[in-house]
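K.L.:
Fold the following and give me the result.
(one chain, ligands or ions: 1)
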Amino acid sequence: MFPWFAVGHLTPFLHLSNKLAEKGCTISFLLPNKAIKLLQHFNLYPDHITFHPLKVPHVEGLPPGTETASDIPIYLTHFLCVAMDRTRDQVEKIIRDQKPDFVMYDMAYWIPEVARPLGIKTIKYSVVSAAAIAIVLVPAPELSAPPTGYPSTSVVLRGHEVRSLLFVSQPYGEGITFYERACTGMKGCDAIAIRSCYEMEEKLCDYIGRQYGKPVFLTGPVLPESTRTPLEDRWAQWLNGFEAGSVVFCSFGSQLILEKEQLQELVLGFESTGLPFLVVLKPPVGSSTIEEALPEGFEERVKGRGVVWGGWVQQLEILDHPSIGCFVNTCGFGSMWESLMSDCQIVLVPHLGDQILNTRLMAEELKVAVEVERDEKGWFTKENLSNAIKGVMDKDSEVGSMIKKNHSEWRKLLRSEGFMSSYIDKFFQNMQELADHK
Ligand SMILES: O=c1ccn([C@@H]2O[C@H](COP(=O)(O)OP(=O)(O)O[C@H]3OC[C@@H](O)[C@H](O)[C@H]3O)[C@@H](O)[C@H]2O)c(=O)[nH]1
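P.N.:
Predicted coordinates:
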């Protein structure tokens, strides 16, 4: 397993590794040294899954010590790609030494070049939605409309949102754009795997298979059925002090760093809901702590009912706590699945292109969430945020009841006996057939 150096990618690769280890597979998991600490509690089969730390070389343009996307603002991702590509010698050596049957990768488009001469099969595992893959199939100049044959009219970008995909024509590594990286990685593999399910994205998955002439294997959502580690005492005790379903939890994923002004608008929105809240964010641009960025008098005013935290929390375990009633997030693909599995009301504030598409899937197709209204710059007012939250938390709200009902049906399906395991069984069978195919 060789995932992109970002928590939102490393985590689902590890969840899938657990499922394959359960079936008896032995897995070498390649990752930056620093990420081991963050991930090891998710490794449920340490006898079968071995972490191989990679030394991430320093690249000019990156702060010293950068190893994962969580260490840097999104606009520096290009340099992290350069660093990942420069681990190629280390990766190649491990592959030669281990001689696995398969290598699974996402951003490392050069894996097929390394593996094919050794007779090793490769699977490109996408941990973003099929919609996000499908929409960037065409080169950037044509991005103002979805590609020909794109099979959805609701899971699309609208007007100015198209700008969120301009990055695809930008350099993403030395001498390669994001688009070239994504396409080369797709064209070179033996099969494409997607962390999705037919119930949600069948047409989009089929579309991708047709475009690339490759088999598409779906893994399903691949989430642990239950959380294994107890919630940190600090949060368990704080949350225990509130009524069931009353607290609003907000987490913006592992990467997003807000402007200070945006962060202030966000927390003021939480304050004006009048509800208890736990907001987890990275310190904004230009601040070294979250506390120094908060609006004046804010901490005093929300004391006892609101916390804004600048560190890492156990998101899965927090979502499981009975006091949490609403989850405000950016709809990164990891958080999208985790929110669907939870029984919280869902409020979405997407930021990146794929997050906007995931949001459309959740808010418009499945109708399990509400999307906060945003302006041309992609940002929102405290009133819009506060109204969206109050709208889904109010017991008498029609929208609130509608999304609660729809969400509960999807949760029931996703959590139903055999749903996730049958995807894994099928995926494993697909792998075995691919291995037999000379
Ligand atoms: O404090 C935290 C923050 C996050 N997390 C976990 O980190 C993961 C974050 O994944 P998300 O997909 O939600 O967000 P990321 O910012 O990492 O997403 C990135 O990769 C996936 C893409 O879909 C997103 O667009 C991209 O931003 C989740 O599994 C979440 O549970 C924590 O456990 N604790």
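
K.L.:
Can you check the pLDDT for the residue lying closest to Val222 once chain neighbours are set aside?
P.N.:
Distance criterion Cβ to Cβ, 6 or more residues apart in numbering; nearest residue to Val222, sequence neighbours excluded, is His15 at 4.6 Å. (C-beta placed from N, C-alpha, C; glycine too.) Note for His15: predicted pLDDT of 96.

K.L.:
Can you tell me the element His15 falls in?
P.N.:
With elements taken from DSSP states H and E, the one containing His15 is helix 7-22.

K.L.:
who in the stretch 201-350 of the chain is up against the ligand?
P.N.:
251, 253-256, 280, 312-316, 332-335, 338 (Cβ under 6 Å from any ligand atom).

K.L.:
now, among those residues, which is nearest to Glu174?
P.N.:
Nearest to Glu174 among these is Gln255, at 22.0 Å by Cβ to Cβ.

K.L.:
ok, that closest one - contacts?
P.N.:
Counting by Cβ atoms under 8 Å, 6 or more residues apart in numbering, Gln255 makes contact with Ala6, Val7, Gly8, Ala69, Ser70, Ile74, Gly332.

K.L.:
Tell me which two of these sit farthest apart.
P.N.:
Within the contacts of Gln255, Val7 and Ile74 form the most distant pair, 13.4 Å apart (Cβ to Cβ).

K.L.:
Give me the subset of the residues of the stretch 201-350 of the chain next to the ligand that lies in strands.
P.N.:
Ser251, Val280 (DSSP state E).

K.L.:
which secondary structure element contains the closest residue to Gly149 other than its chain neighbours?
P.N.:
Spatially, and ignoring its direct neighbours in sequence, Gly149 is nearest to Tyr207 (6.5 Å; Cβ to Cβ, 6+ apart). For Tyr207, the host element (DSSP H and E) is helix 198-212.

K.L.:
Quickly note the distance from the residue in the stretch 101-250 of the chain positioned nearest to the ligand to Lys99.
P.N.:
Residue nearest to the ligand within the stretch 101-250 of the chain (Cβ to the nearest ligand atom): Val128, separated by 4.6 Å. Between Val128 and Lys99 the computed distance is 30 Å (Cβ to Cβ, to the nearest Å).

K.L.:
More neighbours: which of those two?
P.N.:
Between Val128 and Lys99, counted using other Cβ atoms under 10 Å, Val128 has the larger neighbour count: 25 against 9.

K.L.:
Spell out the secondary structure type for that one.
P.N.:
Under DSSP: H, G, I helix; E, B strand; the rest coil, Val128 falls in the coil class.

K.L.:
coming back round to it: ok, the residue nearest to Val222 touching Phe42?
P.N.:
Yes. The pair His15 and Phe42 qualifies as a contact (Cβ atoms under 8 Å) at a distance of 6.9 Å.

K.L.:
Can you give the distance from stretch 181-201 to the centre of its chain?
P.N.:
Distance of stretch 181-201 from its chain centroid, counting by Cα atoms, centre = their mean, to the nearest Å, is 16 Å.

K.L.:
whoops, I mixed them up, stretch 301-313
P.N.:
23 Å.

K.L.:
Then stretch 258-269?
P.N.:
Worked out by Cα atoms, centre = their mean, stretch 258-269 lies 22 Å from the chain centre.

K.L.:
which residues are contacting it?
P.N.:
If you take Cβ under 8 Å, 6+ apart as the criterion, stretch 258-269 is touched by 250, 252, 279, 281-282, 284-287, 290, 293-295, 298, 306, 308, 379-386, 389.

K.L.:
in this structure, what spans have low per-residue confidence?
P.N.:
Residue ranges of the chain with pLDDT under 70: 138-143, 226-228.

K.L.:
Strands of that one, start to end?
P.N.:
Assigned by DSSP E, the strands in the chain fall at 27-32, 49-54, 102-105, 121-126, 191-194, 216-218, 247-251, 277-280, 306-309, 324-329, 345-348, 370-371.

K.L.:
Mean neighbour count added to the ones you listed, as JSON lines?
P.N.:
Below are the strands of the chain laid out as JSON lines (neighbours: other Cβ atoms under 10 Å):
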{"stretch": "strand 27-32", "mean neighbour count": "22"}
{"stretch": "strand 49-54", "mean neighbour count": "18"}
{"stretch": "strand 102-105", "mean neighbour count": "24"}
{"stretch": "strand 121-126", "mean neighbour count": "23"}
{"stretch": "strand 191-194", "mean neighbour count": "22"}
{"stretch": "strand 216-218", "mean neighbour count": "21"}
{"stretch": "strand 247-251", "mean neighbour count": "24"}
{"stretch": "strand 277-280", "mean neighbour count": "22"}
{"stretch": "strand 306-309", "mean neighbour count": "19"}
{"stretch": "strand 324-329", "mean neighbour count": "24"}
{"stretch": "strand 345-348", "mean neighbour count": "25"}
{"stretch": "strand 370-371", "mean neighbour count": "21"}
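
K.L.:
Since that was my last question, I'll sign off now.
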